[in-house]
Structure formats: structure tokens, C-alpha cells
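>>> only the shape, not the letters, is given here:
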């Protein structure tokens, strides 16, 4: 079965919802207007319970099926990005410096579409918990919602989520069992030396030389300290020092992102970074201070849940429209916190040609929304059939 007929019927309304959300982007946990819009739609649909204010602006809405049964969780993220939009679209962001450059407006719309269908039909047992989450891009809203107890409070037994992906054919589903997205950690190293005149380096302690040595040595963690079969990325993305060509600065700092899949590799990488920084600081006679932020864990799909999700996706897009073993990606996702606690699956949904995610010319393809809404609806009906 392709896109559900009832969802296709109200696809024009879904487009209107999505474009309103696109015009009103909000960041991190401050999704007040977005949450109010979502709650208003859910009330119109006649869902049974709406629980607001979770993780500040998150919502969990409950739809009861017919008869006793478990509870399945469906999640959509709501936050936007601090990017100036350059699409030129009629529905472009009305907020300077903010835009939905990752398609969370589309994700929210797809879950709203599924909510409307499920509230009308209720062709399932048990309950469905609709999770509208803030702060996926920054802040770890998924972690906060888990720590605030949504999984136990609402007796959620399994969880599913979708993310759009440009440059993949419209309506194609892509996933993989096991790790699908990496853990992400953030490093900052502050160095203090002794500043002075660039013509007299022997009277100074140069933090730039120390930073360069450390940055080069960090790559040996990938090439010499980690099993080549264990995927890892260490990318130094910032280095800041100096004010003039003839001054050796007192201070310097650099920052990096670290991506891993294996928890042991993740811990070993941090330990080796600390050793390298300490050793080079002693060699260059600088003081070094490390800030290491443990970020989102790896997103790990449950094998059985993934096989089930693939079967459902094939109902929507056909066997040729589903890639069931796509491999891993080095991006990160805070749905990982839910998957640490419950079995489930994270999938990508193709939206065709267009600018990439986090690009100022990106825009969610409204034609993808009925595919995602149909998938969410069918997951519930197939997981908890009457």
C-alpha cells in the first residue's frame, strides 16, 4: 500500500501547517510558539491527552486505541537553527537570523499528520504517545525528556523517528540495524604561554607553537591508537590566537569535534587526548586547560525493530524504495537517548533534490510529508493491530 488515502486527502493542510512553522522558527528549548501551534492542532484532532511543558516546551500527546495493549512512541523534533535564510520562498522565515534549515518543521508536520489520522481511525490496540521534542540541534532535548521520565510515565515500550534527507529520491526510506549515527563530543583546549615581541621569541613561551604541535599529534589517535576498523573522526575546527604579525600572544585556544561509535573507543579517545595535551604542554612549557563535553551518544537501532520498520516502509514505498542496510553516518542525533532506554528505529526519508541540511537555501519538500505521516501511522497499526 502506498501513501494512505486519508493522509493524501489532507496533504494540502499539512503543507499549510509546515509553512506556518517554517515562518516562525524557534531555537533550542524556546519553542513556545511552536508548541502552542502543535497543541492547538492536537486539540482540533481530538487526541485524548496533551501533556505540555516537558523539557520546558516539549509535548507528549496520547491517543487511545481500541482495547488494552502497549504504548508505542513516535518522536518529532521542533527546533530551528541560527541561520539567515536565503531561499527567497514566500513562506520564508519571518525571524532574522533563524530558519528551519534541518527540516524539523517537516518532521513536526509529519507527526501531526499521523496524529490526525490515528485520532480519526484508532485502528490499533493500546496507545500511541506522540513526542514533540525541543532542542535537538543544541541542548539535548531528547536527553532532558528522558530524564524527566516520559518513557516510564507514559509506559512507552518502543520508539520510532524519521529525519528527512535531501539528495535521496522522494519517498525513499533509508536505515540500518545497529549504530546509524555517531556519538559526538566537543573539545576545547586553552593554552597560556608568555607573550612578547615577535623578534625575540627566545624571551617568550609561544602558545601557537604548542597548539600546532598538539593539533598534529591528535591525528595520531586516529592513525596509530585506534583499530582501523573502528570508525572515528577528530576534526579540529577552530584555532584562535594572536592580534598582530609582530606579537607572540600570551594565549591561544583550539576546538575540535570527536565522532565515534564504540563506547570503549570513545573513552579511550578522551584519555589519549588528555595525555597528548599534557605531554605537549610540558614540552612547550605552556599551561593547558581542557574542556571536554560529552555530547550525544551513538544512535543505535534495535535489530528487530529495524526489520519491522523496514517492512512497514516497504508498504509505503515498495521494496525498491527502501534501503535496509545503508551503513553508518558520522552525524549525531539526540534520539539516541531514547534508543538507549527502549528498542526502536531511526530512519531517513528522502525528499529529492535541493540544498543540503543546515544550508541557508534548504527547504523541506512538502511532498515528502505524506510519506512520513503514512509511515508513522502504519507503524502503530502494524505494531499493535486489533
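That came through, no problem. Since the structure is predicted, the reported quantities are computational estimates derived from the model, not experimental observations. Numbers count the residues shown, from 1 in each chain.
>>> so residue 239 touches residue 216, yeah?
No. Counting by Cβ atoms under 8 Å, residue 239 stays clear of residue 216, with 11.9 Å between them. Every residue, glycine included, has its C-beta placed from N, CA and C.
>>> more neighbours, the two?
Neighbour comparison, residue 239 and residue 216: the larger count goes to residue 239, with 15 against 12 (by other Cβ atoms under 10 Å).
>>> now that one: which helix or strand?
In the assignment (DSSP states H and E), residue 239 maps to strand 232-241.
>>> partner strands of that strand, with direction?
If you go by DSSP bridges, strand 232-241 pairs up with strand 251-260 (antiparallel).
>>> neighbouring contacts of the strand it pairs with?
Strand 251-260 has contacts (Cβ atoms under 8 Å, 6 or more residues apart in numbering) with 182-193, 195, 207-208, 210-211, 214-215, 218, 230-242, 266, 269-270, 273, 298, 330, 332.
>>> among those, name the ones in strands.
183-192, 232-241 (DSSP state E).
>>> rewinding a little: mark which of the contacts of strand 251-260 are buried, thanks.
182-185, 187, 189-193, 195, 207-208, 210-211, 214-215, 218, 231-232, 234, 236, 241, 266, 269-270, 273, 298, 330, 332 (16 or more other Cβ atoms under 10 Å).
>>> quick one: name whatever helix or strand follows the strand holding residue 239.
Downstream of strand 232-241 (by DSSP H and E), the next one is strand 247-248.
>>> where's that next one relative to the chain centroid, distance-wise?
Chain-centre distance of strand 247-248: 41 Å, with Cα atoms, centre = their mean, to the nearest Å.
>>> what's the answer for stretch 315-333, then?
Relative to the centre of its chain, stretch 315-333 is centred 16 Å away, using Cα atoms, centre = their mean.
>>> same thing with stretch 343-362?
11 Å.
>>> okay, now the unreliable bits of the chain?
1 (pLDDT under 70).
>>> centroid residue for it?
With distances taken as Cα atoms, centre = their mean, residue 333 lies nearest the centre of the chain, 3.1 Å away.
>>> so how far is residue 274 from that residue?
27 Å (Cβ to Cβ, to the nearest Å).
>>> what of residue 73?
Residue 73 is 38 Å from residue 274, by Cβ to Cβ.
>>> follow-up on the earlier one: okay, the angle between the strand holding residue 239 and strand 183-192?
Angle of strand 232-241 versus strand 183-192, following axes from the mean of the first three to the mean of the last three Cα atoms, to 10 degrees, is 30 degrees.
>>> phi first, then psi, for the residue nearest to residue 45 when sequence neighbours are not counted.
Using Cβ to Cβ, 6 or more residues apart in numbering and skipping the chain neighbours, the partner closest in space to residue 45 is residue 119 (4.3 Å). Note on residue 119: its backbone torsions stand at phi -70, psi -30 [degrees, to the nearest 10].
>>> residues contacting residue 119?
45-47, 63.
>>> for these, which ChimeraX command selects only the ones that are buried?
Here is the ChimeraX command that selects the buried residues among those (16+ other Cβ under 10 Å):
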select :45,47,63
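>>> make JSON lines from the contacts of residue 119 and add distance to residue 12 and secondary structure to it.
Output for the contacts of residue 119, formatted as JSON lines (distance: Cβ to Cβ, whole Å; DSSP: H, G, I helix; E, B strand; the rest coil):
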{"residue": "45", "distance to residue 12": "16", "secondary structure": "helix"}
{"residue": "46", "distance to residue 12": "21", "secondary structure": "coil"}
{"residue": "47", "distance to residue 12": "22", "secondary structure": "coil"}
{"residue": "63", "distance to residue 12": "23", "secondary structure": "strand"}
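>>> now tabulate the contacts of residue 119 in TSV and tack on distance to residue 160.
Shown next, in TSV, are the contacts of residue 119 (distance: Cβ to Cβ, whole Å):
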residue	distance to residue 160
45	19
46	23
47	18
63	15
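>>> out of the contacts of residue 119, the closest to residue 14 would be?
Residue 14 lies nearest to residue 45 out of the contacts of residue 119, by Cβ to Cβ, at 12.5 Å.
>>> from residue 71, how far off is the closest one?
Between residue 45 and residue 71 the computed distance is 18 Å (Cβ to Cβ).
>>> give me phi/psi at residue 142?
Backbone torsions of residue 142, given as degrees, to the nearest 10, read phi -60, psi -40.
>>> does residue 159 touch residue 338 like I think?
Yes. Residue 159 lies in contact with residue 338 (Cβ under 8 Å); the separation is 4.7 Å.
>>> looking at it, residue 10 is touching residue 116, isn't it?
Yes. Judged on Cβ under 8 Å, residue 10 makes contact with residue 116 at a distance of 6.6 Å.
>>> picking that back up, give me the more crowded residue out of residue 73 and residue 274.
Taking neighbours as other Cβ under 10 Å, residue 73 and residue 274 compare with residue 73 leading, 23 against 13.
>>> need the overlap of contacts for residue 159 and residue 338.
Between them, residue 159 and residue 338 share these contacting residues under Cβ under 8 Å, 6+ apart: 73, 75, 131, 151, 344.
>>> wait, the fourth one touches residue 341, no?
In other words, residue 151. Yes. Shown here, residue 151 and residue 341 form a contact pair, counting by Cβ under 8 Å, at 5.4 Å.
>>> looking at those two, which is more packed in?
Under the criterion of other Cβ under 10 Å, the comparison of residue 151 against residue 341 puts residue 151 first, with 20 against 13.
>>> phi and psi next, for the more buried one.
Dihedral angles (degrees, to the nearest 10) for residue 151: phi -70, psi -40.
>>> quick one, what contacts it?
Contacts of residue 151 by Cβ under 8 Å, 6+ apart are 73, 159, 338, 341-342.
>>> among the residues you listed, which are in strands?
For the contacts of residue 151, secondary structure assignment (DSSP E) places 73, 159 in strands.
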